[in-house]
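J.: predicted model follows, preceded by the sequence.
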Amino acid sequence: MSEDAYKKAFERERNARKEAERITELKSRELFELNSALQQLNDELEERIQKRTAELETARNRAEANTKAKSEFLSMMSHEMRSPLNVIVGLTELLDQRDLEDPEGGYVRNVRFSALQLLNLINDILDLSAIEAGKIVFESTPFDVTYAVDQVFNALEQRAIDKGLTWSKAVPDDLPVPLKGDASKLNQVLINLLDNAIKFTRDGGVGLSLEQLEGQGKEGEVWIAIEVTDSGKGISEENMERIFGKFEQENTSTRRVHGGSGLGLAISKQLIELQGGNISCRSEVGKGTTFRMELPFRYEGRVSEDMSLKDWSQVNLVGLRILVVEDLEVNRMLLRQMLRNKGTVMFEAENGKESLEVLKEHEVDLILMDLHMPEMDGIEATKRIREGRIKGLDADIPIVCLTADVFKETKESIFSAGMNDFVTKPLETRRLYQVLNHWRNQIDARNAELT
Ligand code: ADP
């Protein structure tokens, strides 16, 4: 290559390189500017997200506070309404037992039926508001699941028979006993499912089955699956998503024809899920429906002495001296019936103050204490008893609270006042006998130690 040609080639190459450098620089600058713009956008976006998150947080807190306030108000109101309604239901039952002539007899049955309906609705609302306010408390007491399921099944049998439905049950006889959990919540869900199954089935029948799920859950946990199957009207796919919602019924005619509030399944679902379980439903319109729930229980392998007794009507309470402290005559009367035919010796007081007087004069083994009473409430009376200043009275005497409250605060306050146990109202004979049997065993064991 001649020198001239070489210079030209060199010059071209230099120019090309310069051009490449210029373009690179230009692109770098563009990239830098784009990057800065992006960064700015990012910062702005982050700021906006932070602001929005804060706004949402405030809104959520406000909504939560509102829900809580609403739930607390509802639960307070429901509770206040429940007490007088319990009285109406109790007294109309007494009237009904007198076989009044019609039309009075009819009026009484109508009042009772309406009051029961109202009571059911209020109980549902009370449950739901307790759940929403995060105040639902689950018991963890040992019980026999097979026995509990049997009780519910037997209780509803007559309704199924009256409707001409078949009524069947398949329960294995080797389930571990006792399992620890909340028997009354299990009852509540089961009653709801079986009641719906009967309600929505015209021909055919209703079946209940129970099985233990193997290999599921953690150590010490037993999972039980319970299915309620019916050959009823079924639920359409579209409605399937709604039935577990609050106040949801399939359509407005359901309420007209079958009554109900549409709360049962919403409550059942929450009660099951809050205990770590699940509930699902399969259905075919015109063929029938199956609800399946799976629920964990604790199994500690130990059969407690209380549980060895399956038939609570056989419990031996003869000679147990019980003081009932309760302001409502209806409730005292109920307890009289439940206790006297068991051979217990029953004393009565209408409020806390009166109970202290009775305790000065009579020897008593156990106290059933209502919470809300005029003059002196159950908490105050318990505190006085525990102070140990009543002559001749053992300050550690077992005190069992009679309460309609299901809320945590109450439960905590009754135990911190010194009560030993509780039975919820409306009173259930089985639970009452179970608790009394437990404390009778404790009393006997203590007496044996002392002698
Ligand atoms: P309620 O029974 O008080 O109306 P639930 O929450 O228990 O409320 O049930 C909601 C709705 O789900 C019912 O109104 C009914 O339409 C439907 N449903 C529940 N169980 C069944 C069933 N076994 N068969 C058909 N429909 C059912």
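T.: Received, thanks.

J.: which residue ranges form the strands in the stretch 151-300 of the chain?
T.: Taking DSSP state E, counting those that start in this stretch as the test, the strands found in the stretch 151-300 of the chain are 166-170, 179-181, 205-213, 221-230, 278-284, 288-298.

J.: got the buried residues for the first one?
T.: If I follow you right, that is strand 166-170. residue 167 (16 or more other CB atoms under 10 Å). Every C-beta, even on glycine, is put in place using the N, C-alpha and C of the backbone.

J.: then the shortest one?
T.: By 16+ other CB under 10 Å, the buried positions in strand 179-181 come out as 179-181.

J.: show me what contacts residue 323?
T.: 346-349, 355, 358-359, 362, 364, 366-368 (CB atoms under 8 Å, 6 or more residues apart in numbering).

J.: show the buried residues in those.
T.: 346-349, 355, 358-359, 364, 366-368.

J.: and which of those is nearest to the ligand?
T.: Distances from the ligand to these, taken as CB to the nearest ligand atom, are shortest for residue 368 (33.4 Å).

J.: spatially, what comes nearest to the closest one if we skip its sequence neighbours?
T.: residue 324 (4.9 Å; CB to CB, 6 or more residues apart in numbering).

J.: now residue 271
T.: With CB to CB, 6+ apart as the criterion, residue 271 has its nearest non-adjacent residue at 5.1 Å, and that residue is residue 185.

J.: that neighbour contacts residue 273, correct?
T.: No. When contacts are counted by CB atoms under 8 Å, residue 185 is not listed as touching residue 273 (11.7 Å).

J.: between those two, which is the more surrounded one?
T.: residue 185 (22 against 14; other CB atoms under 10 Å).

J.: which strands and helices sit next to the helix or strand where residue 380 lies?
T.: Residue 380 belongs to helix 378-386 when elements are defined using DSSP states H and E. Here helix 378-386 touches helix 352-361, strand 366-370, strand 399-403, helix 408-416, going by 3 or more CB pairs under 8 Å, 6 or more residues apart in numbering; DSSP states H and E.

J.: for residue 171, what are its contacts?
T.: 146, 149-150, 208-210.

J.: so the closest residue to residue 429 other than its chain neighbours, which state does it fall into?
T.: Nearest residue to residue 429, sequence neighbours excluded (CB to CB, 6+ apart): residue 338, at 5.6 Å. What DSSP: H, G, I helix; E, B strand; the rest coil gives for residue 338 is helix.

J.: what's the burial count for residue 338?
T.: Neighbouring residues of residue 338 were enumerated by other CB under 10 Å; the total is 18.

J.: next secondary structure element downstream of the lengthiest helix in the chain?
T.: Counting residues, the longest helix found in the chain (DSSP state H) is helix 3-97. Moving toward the C-terminus from helix 3-97, the next helix or strand (DSSP H and E) is helix 104-132.

J.: tell me the buried residues in that following helix?
T.: So for helix 104-132, counting by 16+ other CB under 10 Å, buried means 108, 111-112, 115, 119-132.

J.: just checking, what packs against that helix?
T.: helix 3-97, helix 264-274.

J.: which one of those lies nearest to the ligand?
T.: Here helix 264-274 is closest among those (CB to the nearest ligand atom), at 2.8 Å.

J.: still on that earlier bit, dump the helix holding residue 380 to CSV, restricted to CA.
T.: Listed next in CSV are the C-alpha coordinates belonging to helix 378-386 (Å, rounded to 0.1, in the frame of the first residue of the first chain):
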residue,chain,number,x,y,z
GLY,A,378,-71.5,-14.5,91.7
ILE,A,379,-68.0,-13.1,91.4
GLU,A,380,-68.3,-11.1,94.6
ALA,A,381,-69.9,-14.0,96.5
THR,A,382,-67.1,-16.3,95.3
LYS,A,383,-64.5,-13.8,96.5
ARG,A,384,-66.1,-13.6,99.9
ILE,A,385,-66.2,-17.4,100.2
ARG,A,386,-62.5,-17.7,99.2
